[in-house]
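In: Structure for the following, please:
(one chain, ligands or ions: 1)
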Amino acid sequence: MSHPLHILAVAGSLGEKSSSCAVLKLVVEQLRAAGCEVDLLDLHAEPLAMFSPDTTYAAPHYAALAARVARADVLLLATPDYHGSLSSALKNFLDHCWKEFAGKLFAAIVASHEKGLTVHDQLRTIARQCYAWSLPYGVSFADKEDVQDGRVVSENFQKRLAMLVHDVRVYGELLARQRRADLAGKEPGFLARHRK
Ligand SMILES: Cc1cc2nc3c(=O)[nH]c(=O)nc-3n(C[C@H](O)[C@H](O)[C@H](O)COP(=O)(O)O)c2cc1C
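Out: Numbers count the residues shown, from 1 in each chain. Here you go, the predicted structure:
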């Protein structure tokens, strides 16, 4: 039985003309063309109420959101660099789940004028806390230099996006296959506690 790779792509800028969202959409197109099933969650178009541990789990929107995350094999996250960190909108989204992230691949695109290294580090920390894998690198770009009016204008950045599309697909599939096997098996791996 073949399993298409399911990707949840999350656009974490609330800016109307967000460059990180524009780049994410280009990557989504390429992943779909390569046969992946991609669900796009644009937090500008679909605002998410602030997470509260007291009320969110019983809120009407929560079950559908958690199901979208549960269905994904890969979390592809795009965010602007805000004060050396991820956007509050993306952090708020990430706060909504953790078990649903376990054993999955996180990949990130950051709009930054400073390479976004601290943002990637923080996303990696969040992934680790939730038992998720991270790609061993992050992709960053500078608005106007690399992207103009939603178009990629730098050859270097174009190449890094092609690398990202390849690696999300290849490593996403490898990890998804192993995750399914571990969830279905009886071995004592870290996913044992997530068996139903
Ligand atoms: C509140 C705020 C904080 C920011 N902090 C940084 C920063 O620390 N480093 C940086 O390189 N850019 C910073 N920026 C610039 C944004 O990261 C940059 O404009 C980015 O391209 C916006 O992405 P977007 O178009 O997807 O929203 C900041 C912008 C805002 C509004």
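
In: List the buried residues of stretch 188-196.
Out: With burial defined by 16 or more other Cβ atoms under 10 Å, the residues of stretch 188-196 counted as buried are Leu191. Every residue, glycine included, has its C-beta placed from N, CA and C.

In: Give the rounded mean pLDDT of that stretch.
Out: Averaging pLDDT along stretch 188-196 yields 94.

In: which residues touch Val139?
Out: Val139 sits next to 107-110, 160-161, 163-164 when contact means Cβ atoms under 8 Å, 6 or more residues apart in numbering.

In: What's the ChimeraX syntax to select whichever of these are buried?
Out: In ChimeraX, a selection of the buried entries from the contacts of Val139 looks like this (16+ other Cβ under 10 Å):
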select :107,108,109,110,160,161,164
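
In: The ligand contacts on this protein?
Out: Selection of the chain residues close to the ligand by Cβ under 6 Å from any ligand atom yields 13, 15, 18-21, 80-84, 111-114, 143.

In: Filter those residues down to the ones in strands?
Out: Among those, the subset assigned to strands under DSSP state E consists of 80, 111.

In: From the ligand, how far out is the residue most central in space within the chain?
Out: Using Cα atoms, centre = their mean, the residue of the chain that lies closest to the mean C-alpha position is Leu76, 2.4 Å off. Using Cβ to the nearest ligand atom, to the nearest Å, we find Leu76 at a distance of 15 Å from the ligand.
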